[in-house]
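Asks: coords below, sequence missing:
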RNA sequence: GGCCCCGUCGUCUAGCGGCCUAGGACUCUGGCUUCUCAAGCCAGCUACGAGGGUUCGAAUCCCUUCGGGGCUACCA
């Protein structure tokens, strides 16, 4: 029987999770869900100088926010834990010792400074820089001499002659000559493990069946395979590798702050829905095969296969993300929309969050739903409903103070004041009859003046609905106030 | 420099030898609709990096070349 599908997402939280990380996590998750396998979340925190608890906590939070639930990992546990590498140090130490005993690895006493000097010399001689094997076969006397000097030793893996060939599920057969893969360090001088050791040990110990990760790790794969060999892992128990193409920035190279933000936390604050982010990101390097582009998380789990993943890098396009986000916002029910929008209204200090305010926001959401592309636009669109010190925007001022506008406003005030029923229908009927039919004005001119007076801006949600929501007294007050400008 | 990966509209992609005078989406442009802005609808612009092969036939297969990227750490 085929082995269980187990896919892991193993970030090293040296900062906030970024777009590239999440695209990988999304593919990992989607593949696990598609196959009915397990999605494993592992934290690679062997670099204690760069990984912090805050970043780890933020990573969990981001994955949760996106809806990428994990079956094994931090907080949920699992049969192959712990899932933080910093808690598995003894496991790595045991394997390193075994490799040493077997002769697969050896102690290397070269210092960083010496190594750098030698690499420099290699570069100068136009040779491939890499470990030269100086400590490969030290005599007991030499070892004793280095120890006497007080040198620390790293544990270095011996790369045998030959080559490593493996099949990448996305790129096909990939081969590396070992002469281009120098002996690499498994354990630091202080005894702490390196990624090269921990990642291979954990993937095997956690019975990971598929390693879907960024293509930057493609060239480190032969090193992982070397560790599997030293561990005595049978070929059929090697994970299947699939190296995902990069997500790059707008212009040239890697995605960075310059060309769009990288941190997922930023997108969250900017008013993007998790499903929009996932929908957009999954389209970067993968497609369902037909012309479908609006894909729900559920559809993703049904459709996602590694076979359909592209091998070429994709450029991140904020415009398209926004378009998808707009689509997702429009697809929200009003209650869902309200839940997402409220925090933005409160954070922007447009409302404090009273029941009355929430009710008004809720009734106003339908008229702005198809007008926004990010949740962060909600406060600006609705602030006219809550303004305590209402004022017409400076840019629009001149458009309500001219004589023609004054006439429109005067007439509007006269027509609207006697209205007993204040609904968008009655308001529209009154205004159309007086301004359009009787005065013969163009709708955009006539309603434009009223719009500025009532909402303070030339751009607003539909005028009559806005006036209905604002209420009769406030609407009339604002028209009067504009007349006095 | 060496090794490895990649190369279809501006961008994301469909395409896996004939269905391609290359399809969809985003962007952009024009129009319709219209109380502004949107949304919606219609139309348009724009691509197989280049050169050789293979084949009756190539975006699809092979080679070369050019271009882009990654790696080359006691980072991951």
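Replies: It's in. Note that the structure is a prediction, hence the values are computed from the model and not measured.

Asks: what about residue A:344, helix or strand, and which?
Replies: In the assignment (DSSP states H and E), residue A:344 maps to helix A:334-347.

Asks: packing partners for that helix?
Replies: helix A:355-368, helix A:378-386 (3 or more Cβ pairs under 8 Å, 6 or more residues apart in numbering; DSSP states H and E). All C-beta atoms are positioned from the backbone trio N, CA, C, and that covers glycine.

Asks: now residue A:38: how far from RNA strand B?
Replies: 20 Å (Cβ to the nearest atom of the strand, to the nearest Å).

Asks: oh, I was asking about residue A:3
Replies: From residue A:3 across to RNA strand B, the span is 25 Å (Cβ to the nearest atom of the strand).

Asks: Return the residues in contact with that residue.
Replies: Residue A:3 makes contacts with A:207, A:209, A:237, as judged by Cβ atoms under 8 Å, 6 or more residues apart in numbering.

Asks: Just among these, which is most surrounded?
Replies: Counting neighbours by other Cβ atoms under 10 Å, residue A:209 leads the contacts of residue A:3 with 21 neighbours.

Asks: ok, it touching residue A:240?
Replies: Yes. Counting by Cβ atoms under 8 Å, residue A:240 is a contact partner of residue A:209 at 6.6 Å.

Asks: How far does stretch A:235-253 sit from its chain's centre?
Replies: Computed by Cα atoms, centre = their mean, to the nearest Å, the chain-centroid distance of stretch A:235-253 equals 16 Å.

Asks: again with stretch A:126-144
Replies: With Cα atoms, centre = their mean, you get 43 Å for stretch A:126-144.

Asks: do the same with stretch A:154-168
Replies: In terms of Cα atoms, centre = their mean, the centre of stretch A:154-168 is set 34 Å apart from its chain centre.

Asks: Now look at that stretch and say if it contacts RNA strand B.
Replies: Yes. Interface with RNA strand B: stretch A:154-168 contributes residue A:154 (Cβ under 7 Å from any atom of the strand).

Asks: Just the endpoints, please. Distance across that stretch?
Replies: The first and final residues of stretch A:154-168 sit 31 Å from each other (Cα to Cα, to the nearest Å).

Asks: What are the buried residues along that stretch?
Replies: By 16 or more other Cβ atoms under 10 Å, the buried positions in stretch A:154-168 come out as A:154-159, A:164, A:168.

Asks: now it: mean pLDDT?
Replies: The predicted model assigns stretch A:154-168 a mean pLDDT of 95.

Asks: same check, this time on stretch A:215-226
Replies: The average of the pLDDT scores along stretch A:215-226 is 96.

Asks: For it, list every residue counted as buried.
Replies: So, applying 16+ other Cβ under 10 Å, buried residues of stretch A:215-226: A:215, A:217-218, A:220-226.

Asks: Could you tell me the end-to-end distance of it?
Replies: One end of stretch A:215-226 sits 19 Å from the other (Cα to Cα).

Asks: Show me how far that stretch is from its chain's centre.
Replies: Per Cα atoms, centre = their mean, the centroid offset for stretch A:215-226 relative to its chain is 25 Å.

Asks: rewinding a little: and of the contacts of residue A:3, the nearest to residue A:37?
Replies: The shortest approach to residue A:37 among these belongs to residue A:209, at 7.2 Å (Cβ to Cβ).

Asks: Residue A:6 versus the closest one, what's the distance?
Replies: The gap separating residue A:209 from residue A:6 is 5 Å, by Cβ to Cβ, to the nearest Å.

Asks: Now list whatever residues contact both of these two.
Replies: The contact lists of residue A:209 and residue A:6 share residue A:37, where a contact means Cβ under 8 Å, 6+ apart.

Asks: and the gap between residue A:55 and residue A:21?
Replies: On the measure of Cβ to Cβ, residue A:55 and residue A:21 end up 11 Å apart.

Asks: Between those two, which is the more surrounded one?
Replies: Neighbour totals were compared for residue A:55 and residue A:21, and residue A:21 leads with 23 against 18 (other Cβ under 10 Å).

Asks: what about the more buried one, helix or strand, and which?
Replies: Following DSSP H and E, one finds residue A:21 within helix A:19-35.

Asks: before we move on, what about residue A:116?
Replies: helix A:112-124.

Asks: quick one: contacts of the helix or strand following that helix?
Replies: Scanning forward in sequence from helix A:112-124 by DSSP H and E, the next helix or strand is helix A:140-148. Identification of contacts with helix A:140-148 by Cβ under 8 Å, 6+ apart yields A:107, A:109, A:138, A:153.

Asks: from the residues you listed, which two are the most distant?
Replies: Farthest pair in the contacts of helix A:140-148, by Cβ to Cβ: A:138 and A:153, 9.8 Å.

Asks: Give me the common contacts of the two.
Replies: Residues touching both residue A:138 and residue A:153 (Cβ under 8 Å, 6+ apart): A:107, A:109, A:146.

Asks: can you put the residues you listed in CSV and add pLDDT, neighbour count and distance to RNA strand B?
Replies: What follows is the shared contacts of residue A:138 and residue A:153, written out as CSV (pLDDT from 0 to 100; neighbours: other Cβ atoms under 10 Å; distance: Cβ to the nearest atom of the strand, whole Å):
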residue, pLDDT, neighbour count, distance to RNA strand B
A:107, 96, 17, 11
A:109, 94, 20, 8
A:146, 94, 19, 11
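
Asks: Specify which member of those is nearest to residue A:61.
Replies: For those, the nearest to residue A:61 is residue A:107 (41.2 Å; Cβ to Cβ).

Asks: Distance check, residue A:11 against residue A:33.
Replies: Going from residue A:11 to residue A:33 by Cβ to Cβ gives 19 Å.

Asks: what's the distance between stretch A:175-190 and the middle of its chain?
Replies: Averaging C-alpha positions (Cα atoms, centre = their mean) puts stretch A:175-190 32 Å from its chain's average.

Asks: Kindly report the same for stretch A:20-38.
Replies: Relative to its parent chain, stretch A:20-38 has a centroid offset of 14 Å by Cα atoms, centre = their mean.

Asks: State the number of residues packed around residue A:122.
Replies: When neighbours are defined as other Cβ under 10 Å, residue A:122 has 14 of them.

Asks: Looking at the buried residues of stretch A:215-226, which one is closest to RNA strand B?
Replies: Ranked by distance to RNA strand B (Cβ to the nearest atom of the strand), the buried residues of stretch A:215-226 are led by residue A:220 at 4.3 Å.

Asks: hey, where'd the strands end up in the stretch 301-450 of chain A?
Replies: A:314-315 (DSSP state E, counting those that start in this stretch).

Asks: mind giving me the domain ranges of chain A?
Replies: A:6-85+A:247-318, A:88-244, A:332-386, A:394-483 (automatic domain parsing).

Asks: For chain A, which residues score under the pLDDT cut-off?
Replies: Counting by pLDDT under 70, chain A has low-confidence residues at A:1, A:251-260.

Asks: RNA strand B contacts on the stretch 301-450 of chain A?
Replies: Along the stretch 301-450 of chain A, the residues adjacent to RNA strand B under the rule Cβ under 7 Å from any atom of the strand are A:308, A:310-315, A:317, A:319-320, A:323, A:326-327, A:330, A:370-372, A:428, A:443-444, A:447-448.

Asks: wait, isn't residue A:358 in contact with residue A:338?
Replies: Yes. Residue A:358 lies in contact with residue A:338 (Cβ under 8 Å); the separation is 7.4 Å.
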